[in-house]
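[1] Structural data only, the sequence is not supplied:
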Ligand SMILES: [Zn+2]
């Protein structure tokens, strides 16, 4: 089997791996590079994406983060996309709000540990713990060779059991492990990261010590985090108010265990920019689906002391108009690096002007170094190839049997 990392050998984002056996090929992920615009990023040089080539048998998408599937938007051919049902549901819900997000025609559903055959390839998806819902690692077998592609994973999230399960019963006789290393080079990666349960305790403390509306800035697609926040609300006697986008994602996933409209103390606010979007795109079914728990702007001021609100900077004007910011705190629950971006300077100034303190409450969606090492030892592959990392050169000092391969290089397994 031949393997080529088209992108991701020395960066986080834009992941794309091609595998070739007897002239037939399979792609793992088709991601958009970080900070890149779809319009200016060409597809990787893989036959069958732009022009028809039946030897491309499928594109397996590990999870619904744009750096793993974003370039599907440019796909010009009907290549089957192997993807989890939960991931498709999230992407379809998000597309209603953000039409640039890629859609799918022909999908093959991934299910935990259920093998899928495509020509000479057998793909076994392994459901993993990651900040994206319904995320997979892949074991790809062809002609007696085995490659394990870790995708993005961690061992400290709400699905940490999946990590333990994989470590306890790893696939055997793996020839190559393609393993992500997102956290290498980031401060704190040498230690274990706080778990979502530990974060829940921190959120409870912050909620209890706020005499005003608690704003939480997080991703509407980070389902683990939303569960953490909802649990912390329940334990501190607060109501959770989410925006319409987040509510529609939670509804779309269709998992009765996840917080959603109908749950106790769960409310939905429709910010002005989402109201405009609903009108413009005539998506009137979406607000209807949350009618029973909708909070209108004039009610917000009455709810401040008892509520936690999912927040994004595009909501600043809404909250000013609703006069509900006295005593507010902002809890920032995303990767801290984003905040340093110049485009948020206005928002930092806005917080200062409104005397809103900013607190940090976050844990990584990716594995810590100890968990990466545990994974590498468990899989115990003949060769470990770095991917999805800015620090491939550090792998040799941290793991055994490391072999580096550059973007665009074809190598034999
Ligand atoms: Zn990811």
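    Looks like it came in fine. For clarity, every value in this text was computed on a predicted model and none was experimentally measured.
[2] domain assignment for the protein?
    What automatic domain parsing lists as the domains of the chain is 2-188+365-412, 196-360.
[3] The ones you listed into a markdown table, with extra columns for mean neighbour count and distance to the ion?
    C-beta: built from backbone N, CA, C; applies to glycine. A markdown table is the format used below for the domains of the chain (neighbours: other C-beta atoms under 10 Å; distance: least, C-beta to the ion, whole Å):
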| stretch | mean neighbour count | distance to the ion |
| --- | --- | --- |
| domain 2-188+365-412 | 19 | 4 |
| domain 196-360 | 18 | 10 |
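[4] could you redo those as a markdown table and give each row mean pLDDT?
    Putting the domains of the chain into a markdown table (pLDDT from 0 to 100) gives the following:
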| stretch | mean pLDDT |
| --- | --- |
| domain 2-188+365-412 | 96 |
| domain 196-360 | 96 |
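[5] And the residue nearest the centre of this structure?
    residue 132 (3.2 Å; C-alpha atoms, centre = their mean).
[6] Secondary structure element holding residue 138?
    Per DSSP states H and E, residue 138 falls inside strand 135-142.
[7] Helix or strand next in line after the one helix or strand residue 330 maps to, which one?
    Per DSSP H and E, residue 330 falls inside strand 329-332. Using DSSP H and E, the helix or strand that follows strand 329-332 in sequence is helix 345-353.
[8] Other residues contacting that next one?
    313, 316, 330, 339, 357-358 (C-beta atoms under 8 Å, 6 or more residues apart in numbering).
[9] which residues does the nearest residue to residue 290 once chain neighbours are set aside contact?
    Residue nearest to residue 290 in three dimensions, not counting chain neighbours: residue 268, with 4.1 Å by C-beta to C-beta, 6 or more residues apart in numbering. Contact partners of residue 268, counting by C-beta under 8 Å, 6+ apart, are 241-244, 247, 261, 290, 293-295.
[10] Also residue 65?
    31, 132, 152.
[11] swap the cut-off to 6 Å and go again
    Residues in contact with residue 65 (C-beta atoms under 6 Å, 6 or more residues apart in numbering) are residue 132.
[12] Who is residue 148 paired with across the strands?
    Beta bridges link residue 148 to residue 139, residue 177 when assigned by DSSP bridges.
[13] hey, where'd the helices end up in the chain?
    Ranges of helices in the chain, per DSSP state H, are 66-69, 85-97, 160-168, 196-208, 223-235, 244-253, 272-281, 285-288, 297-303, 316-322, 345-353, 369-379, 395-398.
[14] Residue 125 touches residue 113, doesn't it?
    No. Using C-beta atoms under 6 Å, residue 125 is not in contact with residue 113; the gap is 7.1 Å.
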